[in-house]
Structures are given as structure tokens and as C-alpha cells.
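**Student:** Have a look at this prediction, sequence included:
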Amino acid sequence: MNQQNKIIFFIDGASQGNPGPSGIGVVVCDQNGNVLDNISEYIGESTNNIAEYSALIVALEEGLIRKSDSIAINTDSELLVKQLNGDYKVKSEDLKPLFYRAQRLLKGFKHVQVNHIDRLKNKGADKLATKAVNASKKSKVSSSSQVTFTFENKK
């Protein structure tokens, strides 16, 4: 297997309250373990399992954006790993759409490895997920705020 463009991800989701304010953390590394990027995003009110799957989806999207054909996903969520490997069924109606989306994105890679790791080995992603939740508490956006995006297709 050509490891030239292999990307290694460390992912985590955090929820304070379960359900409660939630965030995701993704550490993106090259095949040698060098950190390429850190992703920390607030995802709103959700459960910890939804946050874990959201982190997975962001990692998979990042792998596709970077045009990687080989990825390794490292997570401390045993549930996520066992569901992805088919050891556990996805029973939660809230998780099913995220599971199916992840399954679809996984098809974009030639080689996928999903690893359950100890929480102590996932500190980077954990800190990013917690940072996203804490940052959301400090910067509450008014519901009356409106953001408009304009895209121009220049030919």
C-alpha cells in the first residue's frame, strides 16, 4: 500500500450536559505523525455520541478535501468503532443519519483503518472539542444576527 498521502486523524466529541452544548476536535496528521491541522468546531446542542460522529464526518470530509486515498481514524469512542466495524448495530434514530453519511464518505477512500485508542492518547482532539464548547459559552451570538454569504463564479 502506498502510504504517500495517508492521513491520520485523532477525533473527539464533547458534550457538556449530554445533551448540551457540544463541540468537536480533529487533529490532522501526515503519515509520520506531523500535525497538519487542528479543527475545533462548536456544533450546538447535542449528545456526546452525536458529537463523536460529527467529528468523524469532519475528519472524513477533510481527508477527501486533501485527496487522500488512505486514512486512519483514531478515537476513544468504543461505540463509534464497534458500530463502524459492524460489531454493534446503530439503534439510535439520532445517530442513524450520521452513521449512513459516514459510511457514504468512507467509500471515497481505498484504505481505511478505524482504531479505538485510550483517552490519554487522544488528548489533542479532546482539548479541541472542549475548547469549542467553552468558546461557544463566551461568545453567544444574538439570534437576531444575520450573516449573508455571496459567491461569485468568475469565468
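**Tutor:** Structure received.
**Student:** Please count neighbours and contacts with C-alpha atoms only from this point.
**Tutor:** Noted.
**Student:** pretty sure residue 61 contacts residue 105?
**Tutor:** Yes - between residue 61 and residue 105 there is a contact under C-alpha atoms under 8 Å: 7.3 Å.
**Student:** With just CA atoms, put stretch 129-137 into PDB.
**Tutor:** What follows is stretch 129-137 as a C-alpha-only set of coordinates in PDB (Å, rounded to 0.1, in the frame of the first residue of the first chain):
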ATOM      1  CA  ALA A 129     -13.600  19.600  21.300                       C
ATOM      2  CA  THR A 130     -13.700  21.100  24.900                       C
ATOM      3  CA  LYS A 131     -12.300  24.400  23.600                       C
ATOM      4  CA  ALA A 132     -15.100  24.600  21.000                       C
ATOM      5  CA  VAL A 133     -17.700  24.100  23.700                       C
ATOM      6  CA  ASN A 134     -16.100  26.600  26.100                       C
ATOM      7  CA  ALA A 135     -15.700  29.200  23.300                       C
ATOM      8  CA  SER A 136     -19.400  29.000  22.500                       C
ATOM      9  CA  LYS A 137     -20.300  29.900  26.000                       C
END
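**Student:** Can you give me the distance of the nearest residue to residue 60 once chain neighbours are set aside to residue 35?
**Tutor:** Spatially, and ignoring its direct neighbours in sequence, residue 60 is nearest to residue 105 (6.4 Å; C-alpha to C-alpha, 6 or more residues apart in numbering). Here the criterion is C-alpha to C-alpha, to the nearest Å. By it, residue 105 lies 23 Å from residue 35.
**Student:** So residue 58 lies in a helix, does it not?
**Tutor:** Yes - applying DSSP: H, G, I helix; E, B strand; the rest coil, one finds residue 58 inside a helix.
**Student:** Give the closest residue to it in space, chain neighbours not counted.
**Tutor:** residue 26 (7.7 Å).
**Student:** what kind of secondary structure is the one you found in?
**Tutor:** Applying three-state DSSP: residue 26 is strand.
**Student:** Please verify my assumption that it contacts residue 40.
**Tutor:** Yes - applying C-alpha under 8 Å as the test, residue 26 and residue 40 come out as touching, 6.6 Å apart.
**Student:** Which one of the two is surrounded by more residues?
**Tutor:** Per other C-alpha atoms under 10 Å, whichever of residue 26 and residue 40 has more neighbours is residue 26, with 30 against 23.
**Student:** how close does the most centrally placed residue in the chain get to residue 8?
**Tutor:** Centroid-nearest residue in the chain: residue 55, 1.5 Å away (criterion: C-alpha atoms, centre = their mean). Distance of residue 55 to residue 8, given as C-alpha to C-alpha: 14 Å.
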